[in-house]
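S.K.: have a look; sequence and predicted model below, questions after that.
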Amino acid sequence: MTSKSDQLNGRVVAITGGARGIGKATAEALVAAGAKVVIGDLDADLVAASAAEIGGGTVGLPLDVTDRESFEQFFDAAEAASGTIDVLINNAGIMPVGRFLEEDDATARRQIDVNVHGVLFGMKIALPRFVERGNGHLINIASAAGKGGFPGVATYSGTKHFVVGVSEAARLELRGSGVDISCVMPNIVNTDLGSGIGQARFVPKSEPQDVANAIVATIKKPHFDVYVPAFLGPLAQVVNTLPRSGREGLMRFLKADTVILDGDWDARKSYEDRASKSDPKHEKL
């Protein structure tokens, strides 16, 4: 009988935005399951420290997902250090919070560069290699906001809709190639990104370990739609059968229309400051 560790033993997994939050929790879970892990992050010092903390031979490398050359260098260095990459997890992302009409252009550009181009670059670098050898697994971290629009994160919701859409289209194009594509859609997670945000009625925050466990499970048994918590999948199916007035009424009942805008702004300040520096090309805009 194959043990849990044997199922992932020796497989090489690269994770963007892996120095903290969901990325770090996923790296820890994968190492525990027997995988070889490489994490990349914009903060070179932090990613090196996080790799040492995770242990198990984890490699930490600098990575700016908004720069294709940086991403290519990361991918090549990861393979040089740990072997051929079997799984790429496009996890890096940012979520500035605020009303859409108050959002400046620099904030929107940062989100699009990190959340959209950061995913596209990873896909365009990894998928040709996967297709050439006839196997590989691409996992894009989207969000429950990729299936609906949430007040307070309008542009973020748009970027995550993009991640879901491009993942679905690429999966269909690569059908029969031996390459798997999965899209992970968590609700608000108890990380820095989710700091200061409460929870919708009946939908508690997830923990990063919950998302990590779901990712490990889908690497073992690939499927496309990965909701965290899992009940969000059936809930989304039900919601999609409702007319517009019904969907919006349900959002109001669940308080999903106010939970983000009513957040604790002081508790989010540290994250918002860091997110504003997440794309070096636009720091001065």
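M.R.: Looks like it came in fine. Numbering: from 1, shown residues only.
S.K.: could you list the low-confidence segments of this protein?
M.R.: 1-6, 279-285 (pLDDT under 70).
S.K.: biggest helix in it by residues?
M.R.: helix 154-173 (DSSP state H).
S.K.: list the buried ones in that helix?
M.R.: The neighbour-count check on helix 154-173 (16 or more other Cβ atoms under 10 Å) flags 154-164, 166-167, 170-171 as buried. Backbone N, C-alpha and C define where each C-beta goes, glycine included.
S.K.: what comes into contact with that helix?
M.R.: 90, 93-96, 100, 103, 107-108, 111-112, 115-116, 119-120, 123, 127, 138, 140-143, 145-150, 181-183, 185, 224 (Cβ atoms under 8 Å, 6 or more residues apart in numbering).
S.K.: spell out the residue ranges of the strands in the stretch 101-250 of the chain.
M.R.: Secondary structure of the stretch 101-250 of the chain (DSSP state E, counting those that start in this stretch): strands located at 136-141, 179-186, 225-228.
S.K.: now those as TSV including mean neighbour count and distance to Ala81?
M.R.: Converted to TSV, those look like this (neighbours: other Cβ atoms under 10 Å; distance: least, Cβ to Cβ, whole Å):
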stretch	mean neighbour count	distance to Ala81
strand 136-141	24	18
strand 179-186	24	23
strand 225-228	20	27
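S.K.: quick one: closest of the ones you listed to Arg244.
M.R.: Arg244 lies closest to strand 179-186 among these, at 21.2 Å (Cβ to Cβ).
S.K.: could you check the angle strand 136-141 makes with the closest one?
M.R.: Comparing the axes of strand 179-186 and strand 136-141 via axes from the mean of the first three to the mean of the last three Cα atoms, to 10 degrees yields an angle of 20 degrees.
S.K.: which strands and helices sit next to strand 179-186?
M.R.: On a contact count with 3 or more Cβ pairs under 8 Å, 6 or more residues apart in numbering; DSSP states H and E, strand 179-186 meets helix 118-133, strand 136-141, helix 154-173, helix 208-220, strand 225-228.
S.K.: ok, now with 10 Å
M.R.: helix 21-32, strand 87-90, helix 118-133, strand 136-141, helix 154-173, helix 208-220, strand 225-228, helix 232-240 (3 or more Cβ pairs under 10 Å, 6 or more residues apart in numbering; DSSP states H and E).
S.K.: now the longest one - C-alpha only, CSV.
M.R.: Extracted C-alpha coordinates of helix 154-173, given in CSV (Å, rounded to 0.1, in the frame of the first residue of the first chain):
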residue,chain,number,x,y,z
ALA,A,154,-13.6,45.4,-7.1
THR,A,155,-10.3,45.3,-9.0
TYR,A,156,-9.1,42.3,-7.0
SER,A,157,-12.3,40.5,-7.9
GLY,A,158,-11.7,41.3,-11.6
THR,A,159,-8.2,39.9,-11.5
LYS,A,160,-9.4,36.7,-9.8
HIS,A,161,-12.2,36.3,-12.4
PHE,A,162,-9.3,36.5,-15.0
VAL,A,163,-7.4,33.8,-13.2
VAL,A,164,-10.4,31.5,-13.2
GLY,A,165,-11.2,32.2,-16.9
VAL,A,166,-7.6,31.8,-18.2
SER,A,167,-7.3,28.6,-16.2
GLU,A,168,-10.5,27.2,-17.7
ALA,A,169,-9.5,28.1,-21.2
ALA,A,170,-6.0,26.8,-21.0
ARG,A,171,-7.3,23.5,-19.5
LEU,A,172,-9.5,23.0,-22.4
GLU,A,173,-6.8,23.8,-24.9
